[in-house]
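K.L.:
predicted model and sequence below, questions to follow.
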Protein chains: 2
Amino acid sequence: MKEKVISNQSLPSTAEPIQRLVQELNKLPGIGPKNAQRLAYYLLRAPEEQTQLLAETIASIKRQTTLCPICFNVTATDHCLICRNPERDQTKVCIVEQPQDILALEHTRIYKGLYHVLHGAISPTEGVGANDIRITELLERLKNKLITEVILATNTNLEGEQTALYLNHLISPLCIKLTRLAQGLPFGTELEYADDITITRAFEGRQGF
Amino acid sequence: MKEKVISNQSLPSTAEPIQRLVQELNKLPGIGPKNAQRLAYYLLRAPEEQTQLLAETIASIKRQTTLCPICFNVTATDHCLICRNPERDQTKVCIVEQPQDILALEHTRIYKGLYHVLHGAISPTEGVGANDIRITELLERLKNKLITEVILATNTNLEGEQTALYLNHLISPLCIKLTRLAQGLPFGTELEYADDITITRAFEGRQGF
């Protein structure tokens, strides 16, 4: 990841501690120099309790969380909330790239099974191979005879597709039903503005009406 | 200031420390729930040194800075960098609402004088009166016979205008030259899209060519 840098020269009239705070905030994704400056001055005037609470929450986030040893979701307890929930369908495992993907899927309430977080996707260009993500752990987990369906929910970009293909190659010999999230036109699309790949996938995946 | 709140219910599958971090980040200006979530997961995976440095910088920002006793700019030393600089024109004082306004003005390098930060603007609707901002300190400062020009650089919104009018009323009897940043069309404007007040001000302030 490239670090964004604001030169001190652009803020010659700012007190040095503010310059440092602006620099640290500017390293965060999606926070540009102007935004970082705005946040720094906001924090300077915010109530002491708020800044202390924010600082402590940031400082302790790594200490207070760990990965679930079953699905590798982020958890504050020994097993994650989903793996511990006996009401979840223990026969289905949905494979995602990142813990935050689980949030997006859970938000829909359409899926009641379990998850497996790969923590990345295969990407030769970025030097991420199959052994760098949680694939070995997944295969170990699939030895559990309870699991009858694996749903691939990797991203639909190049890395996600490569990862899905590779997992298909590994899982198809295991006699487990392997499915994949449908690709096609997103809800609310005007066909006129849809890109070629999306339209092609929508055609290829067309369904009976 | 209204606090934005994300209900825990929208993140039922997230570990509780992450929920708390998302909530704290979501309180910052311009950081919505999605953005807060993205930042939280970023911080979770960022190098330990980065998160610790960010947390410490936030925690110490109030402790490490104070207000310059002359101009009320934010400073880490007893007097601010501008008031300490003997090369600045000691005869001019530019009045701004907030410390960050100084950054915007300094960035242009057009002004070489001193500043005075009011820390707010008069706003009857928000209950901010003349005594709630640094006006008394300004008048005290203007007793210094070195100062020959005061430049009003308050915002051009209702509060800024009210403040400028009130300061005009106080300063004009003092035999100090009182000026104000010009109002008119911003650079790069297409007249067709300029608003009525801006066009009116540009007409009123029209200058010889």
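P.N.:
All right, it came through fine. Residues are numbered from 1 along each chain as shown, chains lettered A, B, ... in the order given.

K.L.:
domain map for chain A?
P.N.:
Here the domain parsing of chain A from automatic domain parsing is A:8-64, A:79-204.

K.L.:
contacts (any at all) between chain B and the last one?
P.N.:
Yes - taking CB under 8 Å from any CB of the partner chain as the criterion, domain A:79-204 and chain B are in contact, through A:80-82, A:98-100, A:102-103, A:106-107. The way it works is simple: take the backbone N, C-alpha and C, and place the C-beta from them, glycine included.

K.L.:
now that domain: mean pLDDT?
P.N.:
Across domain A:79-204, the average pLDDT comes to 92.

K.L.:
do stretch A:35-44 as well
P.N.:
94.

K.L.:
residues of it that come out buried?
P.N.:
By neighbour count on 16 or more other CB atoms under 10 Å in any protein chain shown, the buried set for stretch A:35-44 is A:35-44.

K.L.:
check whether it contacts chain B.
P.N.:
Yes - counting by CB under 8 Å from any CB, contacts between stretch A:35-44 and chain B involve A:35, A:37-44.

K.L.:
what's the most distant pair in those?
P.N.:
The distance between the two most remote of the residues of stretch A:35-44 next to chain B (CB to CB) is 15.0 Å, for A:Asn35 and A:Leu44.

K.L.:
ok but A:Val93 is inside a strand, no?
P.N.:
Yes - assessed with DSSP: H, G, I helix; E, B strand; the rest coil, A:Val93 lies in a strand.

K.L.:
now A:Thr179: how far from A:Ile171?
P.N.:
Noted for A:Thr179: a distance of 11 Å to A:Ile171, by CB to CB, to the nearest Å.

K.L.:
list residues touching both of these two?
P.N.:
A:Val150 (CB atoms under 8 Å, 6 or more residues apart in numbering or on different chains).

K.L.:
sorry, back to before: out of the domains of chain A, deepest packed?
P.N.:
Of those, the one with the most neighbours on average (mean count of other CB atoms under 10 Å in any protein chain shown) is domain A:8-64, at a mean of 18.

K.L.:
for that one, the distance to its chain's centre please.
P.N.:
Chain-centre distance of domain A:8-64: 25 Å, with CA atoms, centre = their mean, to the nearest Å.

K.L.:
same check on stretch A:72-84?
P.N.:
16 Å.

K.L.:
that one: end-to-end distance?
P.N.:
Terminal residues of stretch A:72-84 are spaced 13 Å apart (CA to CA, to the nearest Å).

K.L.:
what kind of secondary structure is A:Ile151 in?
P.N.:
The three-state assignment at A:Ile151 reads strand, by three-state DSSP.

K.L.:
how close does it get to B:Leu138?
P.N.:
Taken as CB to CB, the span from A:Ile151 to B:Leu138 is 66 Å.

K.L.:
and what of A:Ala104?
P.N.:
The gap separating A:Ala104 from B:Leu138 is 53 Å, by CB to CB.

K.L.:
could you pull out the helices for chain A?
P.N.:
Secondary structure of chain A (DSSP state H): helices at A:16-26, A:33-45, A:48-64, A:99-108, A:135-141, A:158-171, A:196-204.

K.L.:
I'd like these as a markdown table, with distance to B:Pro17 appended.
P.N.:
Compiled in a markdown table, the helices of chain A are given as follows (distance: least, CB to CB, whole Å):
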| stretch | distance to B:Pro17 |
| --- | --- |
| helix A:16-26 | 21 |
| helix A:33-45 | 21 |
| helix A:48-64 | 4 |
| helix A:99-108 | 13 |
| helix A:135-141 | 23 |
| helix A:158-171 | 28 |
| helix A:196-204 | 37 |
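
K.L.:
out of these, flag the one nearest B:Tyr111.
P.N.:
B:Tyr111 sits nearest to helix A:33-45 of all the helices of chain A, at 19.0 Å, using CB to CB.
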